[in-house]
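Trainee: missing the sequence, but the structure's below:
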Ligand SMILES: Cc1ncc(COP(=O)(O)O)c(C=O)c1O
């Protein structure tokens, strides 16, 4: 059989929606300067879809720093992987500063958070070890686990009773195998904005012997008094063994880092295959990340502005009786009753009649009869944006409740 022939019948879990969704719901093109207003299909829209939490993406100081670093170093330097020829004192400086910021002994840069996470997991575990993880773990965690040839137990999202059962079973297994236990959770869950129960999870350390890895992609820079993340917010920074952050969200760049005890970070540095066999972060990103970190630490106004918008948006929506689930972070999910037809119609109406651009999440990420529209507030949104959006959402809710979207038609809508 031709390996390509199966493509004819199945295009994959997301690809099967390509025909209806491409360019609109999936792979939309947002054009213009990264901000609260961008161009989508030729029209200006109010955008709530970017993880530019602190508004640094287009900050003049950041734009200048990035441009000057590109001018000075180019995009190529340093050539090669860190281990071979891609090491610089700037990479090391950034690692020292990140480690100090998140209160760990040591840190190591990752050329992409995703690849880094895959290799962190792959490096740490062997066939004797057991991984216990949350059912809503990000794809990079699941992909890291695919490489694990030992046992793994999943617990239903944030269900601490089930986590404990997993820890009991894992403990019995490693008593025989001689391995160890790795627990993996997220800090902020990026879809629904709720937090990993880091306090309860770390409390289990009194009873069970395990190490905890926290993926805080959405919490780094947004949560905690200094912005050092969800573990800081929940007061358990010292009980998290490995803290993972990305530069792709609050830092508005790319790349990421892992932080922990020096010995463990040294081990990862010498064992993470996605880092050993891939190019080092280019200099403009390293210089840019140093500047972003400096701003994050010395200019609390960005985080304050973010939270002003978050609080206004979330309290405004709640006052209108919208269901925001369990969010405790800037990520703002709005749950409605309905299926995929209603979800796509509602999103289309928001985009076309209200010029509000947000992301849509449907089954299987949420249950079959639930629609989730996800809003990501940032420091560059305004309180007027918040008011306008709450009004638009109220109109959508009225239509949904009246069953106006179930027939697939939206009156007065113009879609190019
Ligand atoms: C929870 C989580 N982990 C990891 C990643 C991957 O990070 P990166 O974009 O740096 O590869 C993301 C983001 O996209 C994420 O949301």
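Mentor: Good, I have the coordinates. Note that the structure is a prediction, hence the values are computed from the model and not measured.
Trainee: Quick one: residues contacting residue 362.
Mentor: Contacts of residue 362 were listed using CB atoms under 8 Å, 6 or more residues apart in numbering, and they are 339, 340, 343, 371, 372. For glycine as for every other residue, the C-beta is placed from the backbone atoms N, C-alpha and C.
Trainee: same thing but at 10 Å, please
Mentor: With contact set as CB atoms under 10 Å, 6 or more residues apart in numbering, residue 362 has these partners: 17, 25, 338-344, 347, 368, 370-372.
Trainee: Check it and give its pLDDT.
Mentor: You'll see residue 362 listed with a pLDDT of 81.
Trainee: Which parts of the stretch 251-400 of the chain are strands?
Mentor: Using DSSP state E, counting those that start in this stretch, the strands assigned to the stretch 251-400 of the chain run over residues 256-260, 332-337, 356-357, 359-361, 370-375.
Trainee: Return the residues of this structure in contact with the ligand.
Mentor: Applying the criterion CB under 6 Å from any ligand atom, the portion of the chain that neighbours the ligand consists of 112-114, 117, 138, 140, 186, 190, 215, 217, 246, 248, 256.
Trainee: And the residue lying closest to residue 337 once chain neighbours are set aside, how far from the ligand?
Mentor: Of all residues beyond its chain neighbours, the one nearest residue 337 is residue 369 (6.0 Å), with distances taken as CB to CB, 6 or more residues apart in numbering. When distances are taken as CB to the nearest ligand atom, to the nearest Å, residue 369 and the ligand turn out to be 26 Å apart.
Trainee: Residue 80 and residue 279 touch, don't they?
Mentor: Yes: in this structure, residue 80 sits in contact with residue 279. The criterion is CB atoms under 10 Å, and the distance is 6.6 Å.
Trainee: For the closest residue to the ligand within the chain, give me the pLDDT.
Mentor: The ligand sits closest to residue 113 of the chain, with a gap of 2.5 Å, by CB to the nearest ligand atom. The score at residue 113 is 97. That number is its pLDDT.
Trainee: For it, the count of nearby residues, please.
Mentor: Counted with other CB atoms under 10 Å, residues neighbouring residue 113 total 24.
Trainee: picking up where we left off before, and the strands of the stretch 251-400 of the chain as CSV, adding mean neighbour count?
Mentor: CSV is the format used below for the strands of the stretch 251-400 of the chain (neighbours: other CB atoms under 10 Å):
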stretch, mean neighbour count
strand 256-260, 27
strand 332-337, 19
strand 356-357, 22
strand 359-361, 18
strand 370-375, 22
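Trainee: Nearest to residue 49, out of those strands?
Mentor: Closest approach to residue 49 among those (CB to CB): strand 359-361, 4.9 Å.
Trainee: Which residue ranges make up the domains of the protein?
Mentor: Recorded structural domains for the chain (assignment: automatic domain parsing) are 6-53+301-414, 60-298.
Trainee: so which of these is the most packed in?
Mentor: When the domains of the chain are scored by mean count of other CB atoms under 10 Å, the highest mean neighbour count falls to domain 60-298 (a mean of 20).
Trainee: first to last residue in it, what's the distance?
Mentor: Taking CA to CA, to the nearest Å, domain 60-298 runs 16 Å from one end to the other.
Trainee: Look at the closest residue to residue 207 other than its chain neighbours and give its secondary structure.
Mentor: Counting by CB to CB, 6+ apart, residue 207 lies nearest to residue 167, which is 7.8 Å off, once chain neighbours are set aside. Classification of residue 167 by DSSP: H, G, I helix; E, B strand; the rest coil places it in helix.
Trainee: Residue 167 reaches residue 203, doesn't it?
Mentor: No: taking contact to mean CB under 10 Å, the distance of 11.4 Å between residue 167 and residue 203 leaves them out of contact.
Trainee: Quick one: end-to-end distance for stretch 35-52.
Mentor: Separation of the first and last residues of stretch 35-52 by CA to CA is 8 Å.
Trainee: Go ahead and confirm residue 325 touches residue 157.
Mentor: No: counting by CB under 10 Å, residue 157 is not a contact partner of residue 325; they are 11.3 Å apart.
Trainee: one step back: pull the contacting residues for the residue nearest to residue 207.
Mentor: By CB under 10 Å, 6+ apart, residue 167 lies in contact with 130, 132, 153, 155, 181, 183, 201, 204-205, 207-210.
Trainee: Just put those in a markdown table and tack on secondary structure.
Mentor: Formatted as a markdown table, the contacts of residue 167 follow (three-state DSSP):
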| residue | secondary structure |
| --- | --- |
| 130 | strand |
| 132 | strand |
| 153 | strand |
| 155 | strand |
| 181 | strand |
| 183 | strand |
| 201 | helix |
| 204 | helix |
| 205 | helix |
| 207 | coil |
| 208 | coil |
| 209 | coil |
| 210 | coil |
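Trainee: Turn these into a markdown table, including distance to residue 262.
Mentor: A markdown table is the format used below for those (distance: CB to CB, whole Å):
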| residue | distance to residue 262 |
| --- | --- |
| 130 | 25 |
| 132 | 25 |
| 153 | 30 |
| 155 | 31 |
| 181 | 22 |
| 183 | 21 |
| 201 | 24 |
| 204 | 25 |
| 205 | 20 |
| 207 | 27 |
| 208 | 25 |
| 209 | 21 |
| 210 | 20 |
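Trainee: quick check, nearest of those to residue 171?
Mentor: Within the set of the contacts of residue 167, residue 208 lies nearest residue 171; the separation is 5.7 Å, counting by CB to CB.
Trainee: separation between the closest one and residue 214?
Mentor: Applying CB to CB, to the nearest Å, one obtains 17 Å for the distance of residue 208 from residue 214.
Trainee: now residue 362
Mentor: 28 Å.
Trainee: ok, back up a step: Throw the residues of the chain next to the ligand into a markdown table and include secondary structure and distance to residue 376, thanks.
Mentor: Formatted as a markdown table, the residues of the chain next to the ligand follow (DSSP: H, G, I helix; E, B strand; the rest coil; distance: CB to CB, whole Å):
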| residue | secondary structure | distance to residue 376 |
| --- | --- | --- |
| 112 | coil | 20 |
| 113 | helix | 17 |
| 114 | helix | 19 |
| 117 | helix | 21 |
| 138 | coil | 16 |
| 140 | helix | 19 |
| 186 | strand | 16 |
| 190 | coil | 9 |
| 215 | strand | 18 |
| 217 | coil | 13 |
| 246 | strand | 15 |
| 248 | coil | 13 |
| 256 | strand | 19 |
